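>>> With the input below, show me the fold.
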Amino acid sequence: MTDAGGRTMPAPRISLSIALVAAVGFSACHTAPPRIVPPPPVAPRISELQRNINTILAAPALARGTWGVLVKSLQNDETLYTLNAHKLMMPASTQKILTLAVAADQLGWDYTYRTSVLTIGSVENGVLKGDVVVVGSGDPTFDDWDGFATARFAEWAAVLKQQGIRKIDGRIIGDDNGFDDETLGAGWAWDDLAASYATGVGALQFNQNTAQLVVMPSAPGEPAQVQVTPEAARLSVLNHTVTGSGAPLVVRPLPHSSTIELDGAIAPTSERVLRNVSVPNPTIYFVNAVRDGFTRNGIEVVGPAIDIDDLGAPLDRSNAVMNTEVVSKGLAVIAATMMKLSQNLYAETLLKTIGIHASGVGSTAAGRAVVDATLTSWGVAAGEVSDVDGSGLSRYNLVTADALATVLRHVYQDQRLRDPFIGTLPRAGVDGTLGERMKGTAAADNVRAKTGSFSNARSVAGYLRTADGEPLEFVVMANNYGAPPKVIDDATDAILVALARFSRR
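Next comes the predicted model:
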């Protein structure tokens with residue numbers, strides 16, 4: 001028999017006293033004695049694999065951490081290695097496996113988001129006596145990194161001009177009511193909130209709700225020059241920098257405000273330094289960009305850009321006219337960006353989308369309810385998942401290796417889900433968050449897996465094929481280790497390479 005780590009243990013002995021008791025019981029009760037069936041022997045090759053993994057995890061640098069590992073064959077459901085497989089651990093971004101699997105199941109790989117443009121009011125002598133309303137459904141891909149949004153805004157302006165509109169006497173209103181107003185996740189670290197990977201989520205989203213600080217040196221001893229781009233972000237910066245020597249540049253959030261703090265030093269001879277930062281109100285960001293785009297395309301806008309939640313009264317849509325809409329690419333394309341780049345905003349958006357699709361409520365709580373019910377129907381045991389957000393950014397998420405493996409197995413066995421899902425995963429040594437790992441090994445372009453990482457938690461979960469071509473699923477999680485992240489990654493990669501080289505022959 002084997003213990004949780006796969007080590008061979010001696011078979012139990014039956015003492016003489018136990019045998020005598022059994023004999024007396026048999027003569028008194030005339031019933032057959034209980035049969036003790038020894039467990040099947042572990043194949044030598046599997047025992048060798050288990051010893052190899054045990055040796056990797058026995059390294060002194062890993063001694064203070066907690067590991068959860070589970071490896072199973074997808075051919076016969078045989079467990080090849082297990083360690084703490086039912087221990088709850090912080091999954092970090094491997095949480096996205098749960099979110100995407102349920103989203104694909106509930107929404108379908110062809111699911112798209114729509115962003116609509118309405119006009120409300122009459123047109124008189126080239127003037128719209130009313131407002132333009134932009135209605136969002138959560139599209140996380142609406143951005144201007146490659147000029148996409150600039151082109152869309154020009155098209156929208158052209159549509160208005162075709163209707164004779166050269167001036168908007170009202171406002172540009174952002175309707176974000178498709179989602180609730182809880183933009184941030186529970187358990188997100190406050191000092192992450194200025195970072196582009198921790199931006200809030202809304203039904204209207206622009207540039208993944210991030211902007212860029214362009215920092216340039218000034219005269220020695222003077223504060224650095226700081227520019228926010230694009231201007232539509234409307235961020236204020238408390239500039240505490242200095243041109244000279246000192247600590248590196250650091251961006252800090254000022255919670256519940258559109259102001260961020262920039263501290264540190266930049267060398268007088270330095271090139272410009274770029275820092276991506278989050279924008280607190282995605283809706284205002286979006287409609288500011290629309291307003292600026294209309295102005296650039298020859299349409300004057302008199303009123304401000306405004307969030308629908310800031311209106312004093314409900315919006316009267318009785319004479320609203322649909323002008324145009326933008327349809328996003330399908331979920332399969334969106335998911336590839338989400339998984340390969342570990343895009344948190346995409347995952348949080350999907351979780352709220354799951355909620356509104358199932359219940360009409362675009363909230364994290366509604367999405368979580370659907371995820372939990374779906375995982376239960378797939379065989380994830382009670383207590384094996386405690387999910388809080390969709391991306392894994394929350395320190396409150398807890399998942400067992402067995403739960404992740406159960407979901408991976410369900411996806412692999414479901415023909416609707418398998419190939420598109422595997423196609424979204426980073427490939428070892430090739431692309432995504434695994435692009436620089438395991439190059440030149442048996443795991444390269446073999447391991448397809450989602451990674452996860454934040455302070456004191458790292459994980460990898462996915463699929464590979466052994467040297468025999470046998471498909472395996474694996475989950476490797478490490479928590480509270482205290483070692484440098486590279487040490488954890490190297491140990492994890494060594495395990496995956498050992499699995500890729502494994503042969504039953």
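
>>> Break this protein down into its structural domains.
According to automatic domain parsing, the chain comprises the domains 44-110+332-501, 113-328.

>>> Of all those, which one comes closest to I36?
Of all these, it is domain 44-110+332-501 that lies closest to I36, at 22.1 Å by C-beta to C-beta. C-beta here means a position set from N, CA and C on the backbone, and glycine is covered the same way.

>>> Show me how far the closest one is from its chain's centre.
Put simply, domain 44-110+332-501 sits 12 Å off its chain's centre (C-alpha atoms, centre = their mean, to the nearest Å).

>>> for the record, mean pLDDT for that domain?
If you average the pLDDT over domain 44-110+332-501, you get 97.

>>> got the end-to-end distance for it?
The straight-line separation of the ends of domain 44-110+332-501 (C-alpha to C-alpha, to the nearest Å) is 15 Å.

>>> thinking again about what came up before, which one of the domains of the chain is the most hemmed in?
Highest mean neighbour count among the domains of the chain (mean count of other C-beta atoms under 10 Å): domain 44-110+332-501, with a mean of 20.

>>> Tell me how far the residue lying closest to G136 once chain neighbours are set aside lies from K72.
Spatial nearest neighbour of G136, chain neighbours left out: L204 (3.5 Å); criterion: C-beta to C-beta, 6 or more residues apart in numbering. According to C-beta to C-beta, to the nearest Å, L204 and K72 sit 43 Å apart.

>>> Verify the stated contact: V287 with I173.
Yes - judged on C-beta atoms under 8 Å, V287 makes contact with I173 at a distance of 6.9 Å.

>>> joint contacts of the two?
Residues within reach of V287 and of I173 at once, by C-beta atoms under 8 Å, 6 or more residues apart in numbering, are V134, I306, D307.

>>> Identify, from those, the entry nearest to D191.
Of those, the one sitting nearest to D191 (C-beta to C-beta) turns out to be D307, at 26.3 Å.

>>> Does the nearest residue to that closest one once chain neighbours are set aside lie in a helix or a strand, and which?
Using C-beta to C-beta, 6+ apart and skipping the chain neighbours, the partner closest in space to D307 is T283 (4.6 Å). Taking DSSP states H and E as the definition, one finds T283 inside helix 282-296.

>>> So for that helix, mean pLDDT?
On average, helix 282-296 scores 97.

>>> Quick one: residues in contact with the very next helix or strand once past that helix.
Next in sequence after helix 282-296, counting helices and strands by DSSP H and E, comes strand 300-301. Outside of strand 300-301, the residues within contact range by C-beta under 8 Å, 6+ apart are R166, K167, I168, R171, I172, R291, F294, T295.

>>> From T451, how far out is the fifth one?
It stands for I172. Noted for I172: a distance of 40 Å to T451, by C-beta to C-beta.

>>> The fourth one too?
Here the distance between R171 and T451 works out to 44 Å (C-beta to C-beta).

>>> Excluding chain neighbours, what is closest to Y481?
Sequence neighbours aside, G65 is the residue nearest to Y481 in space, at 3.0 Å (criterion: C-beta to C-beta, 6+ apart).

>>> biggest strand in this structure by residues?
strand 114-124 (DSSP state E).

>>> Are there helices or strands packed against that strand, and which ones?
strand 127-135, helix 148-162, strand 320-327 (3 or more C-beta pairs under 8 Å, 6 or more residues apart in numbering; DSSP states H and E).

>>> Just send those back as JSON lines, with mean pLDDT and distance to L193 too.
Output for the helices and strands packed on strand 114-124, formatted as JSON lines (pLDDT from 0 to 100; distance: least, C-beta to C-beta, whole Å):
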{"stretch": "strand 127-135", "mean pLDDT": "97", "distance to L193": "26"}
{"stretch": "helix 148-162", "mean pLDDT": "97", "distance to L193": "24"}
{"stretch": "strand 320-327", "mean pLDDT": "94", "distance to L193": "29"}
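
>>> could the ones you listed go into a markdown table alongside distance to N344?
Below are the helices and strands packed on strand 114-124 laid out as a markdown table (distance: least, C-beta to C-beta, whole Å):
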| stretch | distance to N344 |
| --- | --- |
| strand 127-135 | 24 |
| helix 148-162 | 21 |
| strand 320-327 | 23 |
